[in-house]
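Trainee: 3D model of this:
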Amino acid sequence: MNEYRATVISVTDGDTVRLDIDLGFSVILHNTPIRLMGIDAPEIKTLAGRGARTYLRSLLPVRTAITLQTYKDKTEKYGRILGTLVTQDNVNINLQMVNSGHAVPYLVVR
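Mentor: Numbers count the residues shown, from 1 in each chain. The predicted structure is shown next:
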């Protein structure tokens, strides 16, 4: 697992955010799309999807400092990095979305 310091730029929907990711040595990936690994939120076109985005925005306001955990530095089919977000208070945002009912666990079977 790899961990990076990151800053929230925006919340796209209930399982996608954009982050500035500090890779170290003064290298920053700006405005990078991140897919929250292991969860699936309703589509943004639905009322539940808009509710999930609103809830995630309440957890991750713009400029929030967080830790991004990645398990392989690859992207998924839409070009997003897969990761887990952890707040400075050690709250796992991915699990919080599931526990709040705004997302469901999602496992990819290959």
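
Trainee: tell me how far residue 22 lies from residue 39.
Mentor: 24 Å (C-beta to C-beta, to the nearest Å). Every residue, glycine included, has its C-beta placed from N, CA and C.

Trainee: same question but for residue 51, I mixed them up
Mentor: 15 Å.

Trainee: these two - which one has more neighbours?
Mentor: residue 39 (21 against 16; other C-beta atoms under 10 Å).

Trainee: ok, and the closest non-adjacent residue to the more buried one?
Mentor: Distances taken as C-beta to C-beta, 6 or more residues apart in numbering place residue 103 nearest to residue 39, at 4.2 Å, with adjacent residues excluded.

Trainee: any idea how far the one you found is from residue 88?
Mentor: Where residue 88 is concerned, residue 103 sits at a distance of 22 Å (C-beta to C-beta).

Trainee: which one's more surrounded, the two?
Mentor: Neighbours per residue (other C-beta under 10 Å) separate residue 103 from residue 88, with residue 103 holding more: 24 against 9.

Trainee: so what's the more buried one up against?
Mentor: 14, 15, 36, 39, 40, 41, 52, 94, 97 (C-beta atoms under 8 Å, 6 or more residues apart in numbering).

Trainee: now with 6 Å, please.
Mentor: Residue 103 sits next to 14, 39, 41, 97 when contact means C-beta atoms under 6 Å, 6 or more residues apart in numbering.

Trainee: most neighbours, which of those residues?
Mentor: residue 14 (26 neighbours).

Trainee: that one contacts residue 41, doesn't it?
Mentor: Yes - Residue 14 lies in contact with residue 41 (C-beta atoms under 6 Å); the separation is 2.6 Å.

Trainee: give the residues shared as contacts by those two.
Mentor: Residues touching both residue 14 and residue 41 by C-beta under 6 Å, 6+ apart: 52, 103.

Trainee: any stretches of the chain with poor pLDDT?
Mentor: 73-74, 108-110 (pLDDT under 70).

Trainee: for it, which helix is longest?
Mentor: As assigned by DSSP state H, the longest helix anywhere in the chain is helix 47-59.

Trainee: next structured bit after it?
Mentor: Once the chain leaves helix 47-59, the next helix or strand it forms, by DSSP states H and E, is strand 65-70.
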